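Visitor: have a look at this fold, sequence not included:
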């Protein structure tokens, strides 16, 4: 989404009984790890002055249309920009359906860590699971109606975010977790970093990114 914040600013750190020195080493390691692209073409002033973080400038649009030119470009940079041109293809559906929402959360392993806000998978799984109320009674029908209304509300919020490229504030908080690749080995270079997003944002990425990749594979537009 175009207005998502710089992840460096959105990242929070949670540590459990770790000395400050170790925390500083972890932070330094991750800044270096996530900044490995620094110094490549799109991180140099020639491009950073014309393309903002959200790639919403006129120069970014010209690159997508294959119309960006500059006398300062090397042959290799010109070739790179040619491959950044956006192909003219039918777009994937921008809609999240209630069936998409319910199906994914029903099959999602509840043990998966998500949601720094505390709205974890258990809440969503309770929402999409059939309740025990007797739907043949007025009370049971009301419970089911309210459940469906909540699903409809969540789906509408996701579609609003897609339609208007809007980022909810709780989506902008990401927790970095360090996991030992080798049990018992605490060496920094043997730690794996994972990012914990809000469950509904994670669902949105899975649903649309998967569809986008399959679409690109089908049309042979992956570089």
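Guide: Alright, I've got the coordinates. All values reported here derive from a predicted model rather than from experimental measurement.
Visitor: rest of the way, CA atoms for contacts and neighbours
Guide: Will do.
Visitor: check contacts around the closest residue to residue 64 other than its chain neighbours.
Guide: Spatial nearest neighbour of residue 64, chain neighbours left out: residue 85 (4.4 Å); criterion: C-alpha to C-alpha, 6 or more residues apart in numbering. The neighbours of residue 85, taking C-alpha atoms under 8 Å, 6 or more residues apart in numbering as the test, are 63-66.
Visitor: write the ChimeraX selection for whichever of the residues you listed are buried.
Guide: This is how ChimeraX selects the buried members of the contacts of residue 85, with burial counted by 16 or more other C-alpha atoms under 10 Å:
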select :63,64,66
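Visitor: quick one: the contacts of residue 85 as a markdown table, columns for distance to residue 149 too.
Guide: Formatted as a markdown table, the contacts of residue 85 follow (distance: C-alpha to C-alpha, whole Å):
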| residue | distance to residue 149 |
| --- | --- |
| 63 | 43 |
| 64 | 40 |
| 65 | 42 |
| 66 | 45 |
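Visitor: narrow the contacts of residue 85 to those in helices?
Guide: Secondary structure assignment by DSSP state H places 63-65 of the contacts of residue 85 in helices.
Visitor: let me know the pLDDT of the residue lying farthest from the centre of the chain.
Guide: The C-alpha centroid of the chain is most remote from residue 137, which lies 41.8 Å away (C-alpha atoms, centre = their mean). Reported pLDDT at residue 137 in the predicted model: 92.
Visitor: with residue 14 instead?
Guide: What the model reports as pLDDT for residue 14 is 49.
Visitor: domains in the protein, by residue range?
Guide: With domains defined by automatic domain parsing, the chain comprises 7-33+92-218, 37-86.
Visitor: buried residues in stretch 48-56, which are they?
Guide: Of all the residues in stretch 48-56, those buried under the rule 16+ other C-alpha under 10 Å are residue 51.
Visitor: got it, and stretch 200-220?
Guide: Using 16+ other C-alpha under 10 Å as the test for burial, stretch 200-220 gives 200-201, 203-204, 208, 215.
Visitor: now these in JSON lines, with distance to residue 126 and pLDDT?
Guide: Formatted as JSON lines, the buried residues of stretch 200-220 follow (distance: C-alpha to C-alpha, whole Å; pLDDT from 0 to 100):
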{"residue": "200", "distance to residue 126": "14", "pLDDT": "95"}
{"residue": "201", "distance to residue 126": "18", "pLDDT": "95"}
{"residue": "203", "distance to residue 126": "16", "pLDDT": "95"}
{"residue": "204", "distance to residue 126": "19", "pLDDT": "94"}
{"residue": "208", "distance to residue 126": "23", "pLDDT": "89"}
{"residue": "215", "distance to residue 126": "32", "pLDDT": "86"}
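Visitor: among the residues you listed, which are located in helices?
Guide: By the criterion of DSSP H, membership of the buried residues of stretch 200-220 in helices covers 200-201, 203-204, 208, 215.
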